[in-house]
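# no sequence on this one, just coordinates:
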């Protein structure tokens, strides 16, 4: 249970196309995954704890200002693609916000 990349490097302002593939077999209700890019300085544990309350919203807190972009929540055998503009230079965290997954499913999004 981890992303195949724990670091992604891009250029500021670059168009990023990211595809998340769930290689497992379990449905999203049991073992869903998403990819969430957090704003700089967001505490992963606090965000993950809050996100766990929002199952109906794909484990993304409603009205949050902590998420730059995220994929939908997907189940085993599914994939989803998002396209977005890379934020300003800096290092950002990305996680899976499904309850408990953020402890292992995380990495750094480095914008140069």
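Yep, it's here. Everything quoted here is computed from the prediction, not taken from an experiment.
# And residue 48, which helix or strand is it part of?
Assessed by DSSP states H and E, residue 48 sits inside helix 44-51.
# counting contacts, what elements does that helix pack onto?
For helix 44-51, the elements it packs on are strand 36-38, strand 90-95, judged by 3 or more C-beta pairs under 8 Å, 6 or more residues apart in numbering; DSSP states H and E. In short, each C-beta sits where N, CA and C put it, glycine included.
# what about the first one, average pLDDT?
The average pLDDT within strand 36-38 is 98.
# For the nearest residue to residue 53 once chain neighbours are set aside, grab the count of nearby residues.
Nearest residue to residue 53 in three dimensions, chain neighbours excluded: residue 61, at 7.3 Å (C-beta to C-beta, 6 or more residues apart in numbering). Burial of residue 61 is recorded as 16 neighbouring residues (other C-beta atoms under 10 Å).
# wait, isn't residue 61 in contact with residue 54?
Yes. Using C-beta atoms under 8 Å, residue 61 is in contact with residue 54, at 5.3 Å.
# can you pull out the helices in this structure?
Applying DSSP state H to the chain gives helices spanning 28-31, 44-51.
# what's the angle from the last one to strand 90-95?
Angular relation of helix 44-51 and strand 90-95 on a 0 to 180 degree scale: 50 degrees, by axes from the mean of the first three to the mean of the last three C-alpha atoms, to 10 degrees.
# tell me which residues of helix 44-51 are tucked away?
Under the neighbour-count criterion of 16 or more other C-beta atoms under 10 Å, helix 44-51 has 44, 47-48, 50-51 buried.
# Kindly report the same for the first one.
Of the residues in helix 28-31, residue 28 count as buried by neighbour count, 16+ other C-beta under 10 Å.
# And the contacts of it?
24, 73-76, 78, 98 (C-beta atoms under 8 Å, 6 or more residues apart in numbering).
# switch the cut-off to 10 Å
Contact with helix 28-31 is made by 1, 22, 24-25, 34, 55, 58, 72-76, 78, 98, 101, as judged by C-beta atoms under 10 Å, 6 or more residues apart in numbering.
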